[in-house]
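*Asks:* kindly generate the corresponding structure for this input.
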Amino acid sequence: MNLKTTYRHLESTPSIEDKIQQKARKLKKYFNGKIDVNWTCSVEAGKHCSEVKVSGDQFTFHATSDDSNLYHTFDGVIGKLEKQLQKKKEQMKEKIHRKGSDAEFYDTE
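*Replies:* Residues are numbered from 1 along each chain as shown. Alright, predicted model coming up:
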């Protein structure tokens, strides 16, 4: 997993870096291969914002979250990404099972 962190109008601290790495590791369980994670932290109009783009060989997922607390944005953005990944996983699982069940249906004739 390649993690790239960018800051806009905000300074990097070791505690922020550690928290981002901890949250990004949660995404690792959804992928078997190499993934790139681009994490951007910024302050816009007095609100903290986190934007995450996860990309691999055949996919790209994107999520943003804003809140008055930077650490709350980390939880929000990871939650949104996990929902997207779960949905994609379910779609792939259903596609595989539908294909198998359709084949059985047509073979009984």
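
*Asks:* now do stretch 80-88, average pLDDT.
*Replies:* Per-residue pLDDT values over stretch 80-88 give a mean of 91.

*Asks:* and that stretch, which residues are buried?
*Replies:* Buried residues in stretch 80-88, defined by neighbour count with 16 or more other CB atoms under 10 Å: 80-82, 84-85. Backbone N, C-alpha and C define where each C-beta goes, glycine included.

*Asks:* and those residues, which is closest to residue 33?
*Replies:* Set against residue 33, the nearest of the buried residues of stretch 80-88 by CB to CB is residue 85 (14.0 Å).

*Asks:* pretty sure that closest one is touching residue 28, no?
*Replies:* No - between residue 85 and residue 28 no contact is recorded; they are 11.1 Å apart, counting by CB atoms under 8 Å.

*Asks:* count the neighbours of residue 24 for me.
*Replies:* A count of neighbours around residue 24, defined by other CB atoms under 10 Å, yields 21.

*Asks:* from the chain's centre, how far out does the helix or strand where residue 95 lies sit?
*Replies:* Element membership for residue 95, per DSSP states H and E: helix 70-107. Put simply, helix 70-107 sits 13 Å off its chain's centre (CA atoms, centre = their mean, to the nearest Å).
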